[in-house]
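>>> Here is a sequence together with a model predicted from it:
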Amino acid sequence: MSEDKSTLGNMVDAAKAKINEGADRARAAGHDLASHVGGSPAENAVDKAQAAEDRVKAEVHNREAKAEYNEGKSEAKDGDGR
């Protein structure tokens, strides 16, 4: 987050982070599914690890979105329009 970002800029960044969160959650779901239908235990373990990694990335993006949204909301309340 940058202090000189406008309300709109913060809201756009929040939307981008939510889109990235959704993409990460979709990838995690795909890896979860692959871990149940894979042919070998090693491949299944790799898919489970990738799913866990994508869930962590999704949580990071979720927190970024919340922070950007709150910053934009605060900027809007300031009334300076930056």
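Received it, and whenever you're ready, just let me know what you need. Keep in mind that what you see is a predicted model, and the values were worked out from it rather than measured. Numbering: from 1, shown residues only.

>>> what mean pLDDT does the longest helix anywhere in the chain have?
The helix spanning the most residues in the chain, taking DSSP state H as the definition, is helix 41-78. In this model, helix 41-78 has an average pLDDT of 95.

>>> Centre of the chain to that helix, how far?
Distance, stretch centre to chain centre, for helix 41-78: 3 Å (Cα atoms, centre = their mean, to the nearest Å).

>>> For that helix, list every residue counted as buried.
With burial defined by 16 or more other Cβ atoms under 10 Å, the residues of helix 41-78 counted as buried are 44, 47-48, 50-51, 54-55, 57-58, 61-62, 64-65, 68-69, 71-72, 75. Yep, even glycine has a C-beta here, placed from its N, CA and C like the rest.

>>> what's the answer for stretch 19-37, then?
For stretch 19-37, using 16+ other Cβ under 10 Å, the buried residues are 20, 21, 24, 25, 27, 28, 31, 32, 34, 35.

>>> Report pLDDT for the first one.
Predicted confidence (pLDDT) for residue 20: 98.

>>> Return the residues in contact with it.
57, 61 (Cβ atoms under 8 Å, 6 or more residues apart in numbering).

>>> Can you check what angle separates the helix or strand hosting it from helix 41-78?
Following DSSP states H and E, one finds residue 20 within helix 7-37. Here the directions of helix 7-37 and helix 41-78 differ by 160 degrees (axes from the mean of the first three to the mean of the last three Cα atoms, to 10 degrees).

>>> rewinding a little: which elements pack onto the longest helix of the chain?
Under the contact criterion of 3 or more Cβ pairs under 8 Å, 6 or more residues apart in numbering; DSSP states H and E, helix 41-78 touches helix 7-37.

>>> Off-centre distance for the helix it packs on?
Mean-position distance between helix 7-37 and its chain equals 5 Å (Cα atoms, centre = their mean).

>>> Against residue 38, how distant is the spatially closest residue to residue 9 that is not a sequence neighbour?
Counting by Cβ to Cβ, 6 or more residues apart in numbering, the nearest residue to residue 9 once its immediate chain neighbours are dropped is residue 72, at 7.6 Å. For residue 72, the distance to residue 38 (Cβ to Cβ, to the nearest Å) stands at 42 Å.

>>> Thank you, goodbye.
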